[in-house]
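Asker: Below are the sequence and a predicted model; questions follow.
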Number of protein chains: 2
Amino acid sequence: MTKKRIAIDMDDVMAAAGKKILYTYNIIIGTDFNEHHFRGKEYYEVLKEENYHVVREEIFKPGFFRNMEVMPDAVEVIRKLQERFEIFIVSAATEFPNSLKEKIEWLEEHFPFISWKNIVLCGDKSIISADFLIDDHEKNLRTFKGKTLMFDAIHNQKIEGYQRFKSWREIEAFFENE
Amino acid sequence: MTKKRIAIDMDDVMAAAGKKILYTYNIIIGTDFNEHHFRGKEYYEVLKEENYHVVREEIFKPGFFRNMEVMPDAVEVIRKLQERFEIFIVSAATEFPNSLKEKIEWLEEHFPFISWKNIVLCGDKSIISADFLIDDHEKNLRTFKGKTLMFDAIHNQKIEGYQRFKSWREIEAFFENE
């Protein structure tokens, strides 16, 4: 039987991108923000506009995506899911050309069991065909034809209508019945 | 009405990759091969194994994908198709991490009317969902669910079962009826 396919987003699902943005912001601007300041908001709603642009420039610079923490339990759960499912990593990355190679290298370091064949770096994810999509952004989940899993993130607290998962352990439990 | 989507391969469809590989081979090995030596064959069938590896190493080096000729009429026809269709560029590129940024830059230079949102850099193209796929490789066309257009290339001469297009003008004519 053909394995079902799970498409998995990188930033804020596999990699702690939001945490890195916050850390970068605090370092550059000299603030002391933590996640609570951003609960239910996008970064641009909290950060001063002139500072937001400073952080955005950082995201475009080489190195930004290379060093990020792995989200808790992501390695173990994805490795386990790969036994029963085809895993594709699908990252909206073409907006950030410097991130592309870094994302491949980051995956090679932390998820060496995922082949380059199963990595997709794109812009608009509506071109992706799979059975499941795990993502933190509503814009990606909305156009997806298969089953959607919303990964809980500080910016998506107000979004409703999707099954929400607060951790990789919750995702692991969901797939035990699939 | 929603526009139909055309997914377009890059190497040997938009960009003259085979020509560059041949040129690179001749420069490095000191041979004088031309396209006729490769008609209906993959490169590894013609090149000596030890030399094939030399060329393969070149493909992995920075710069290889940045400078390639555009295939004749590709710019004009794709620009025209974009008026009636949604165009996605889909390149199997994650095997070559150095190529990723270069492919984005190459597209920005030659096809500035294509947004980063419509670029997909992947490995296995069976994850792509679109109405049409223009590609020179049977492995990509075989798993595609929509209509397939095989772009004629020296290596795919023996492949049958696909509608074959020898130029972008032939592709232009095909889409006049779609």
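Answerer: Thanks, I have it. Residues are numbered from 1 along each chain as shown, chains lettered A, B, ... in the order given.

Asker: for the one helix or strand in chain A whose mean pLDDT sits lowest, packing partners?
Answerer: Every helix and strand of chain A was ranked by mean pLDDT, DSSP states H and E. The lowest is helix A:43-46, at a mean of 72. Helices and strands touching helix A:43-46, as assessed by 3 or more Cβ pairs under 8 Å, 6 or more residues apart in numbering or on different chains; DSSP states H and E, comprise helix A:49-60. Every residue, glycine included, has its C-beta placed from N, CA and C.

Asker: buried residues in the helix it packs on?
Answerer: A:52, A:55, A:58-59 (16 or more other Cβ atoms under 10 Å in any protein chain shown).

Asker: between those, which is closest to B:Trp106?
Answerer: The shortest approach to B:Trp106 among those belongs to A:Ile59, at 22.6 Å (Cβ to Cβ).

Asker: List the backbone torsions phi and psi for A:Ile127.
Answerer: phi -80, psi -10 (degrees, to the nearest 10).

Asker: Report pLDDT for A:Glu58.
Answerer: Note for A:Glu58: predicted pLDDT of 87.

Asker: show me what contacts the nearest residue to it once chain neighbours are set aside?
Answerer: Of all residues not flanking A:Glu58 in the chain, A:Thr24 sits nearest, at 5.2 Å (Cβ to Cβ, 6 or more residues apart in numbering or on different chains). Contacts for A:Thr24 (Cβ atoms under 8 Å, 6 or more residues apart in numbering or on different chains) come out as A:55, A:58, A:64.

Asker: can you check A:Ile87 too?
Answerer: A:5-6, A:8, A:78, A:81, A:114, A:118.

Asker: just checking, next helix/strand downstream of the helix or strand it falls within?
Answerer: Assigned by DSSP states H and E, A:Ile87 falls within strand A:86-92. Following strand A:86-92 in sequence order, the next helix or strand is helix A:99-110 (DSSP H and E).

Asker: Check whether that following helix comes into contact with chain B.
Answerer: Yes: applying Cβ under 8 Å from any Cβ of the partner chain, one finds helix A:99-110 touching chain B at A:100-101, A:104-105.
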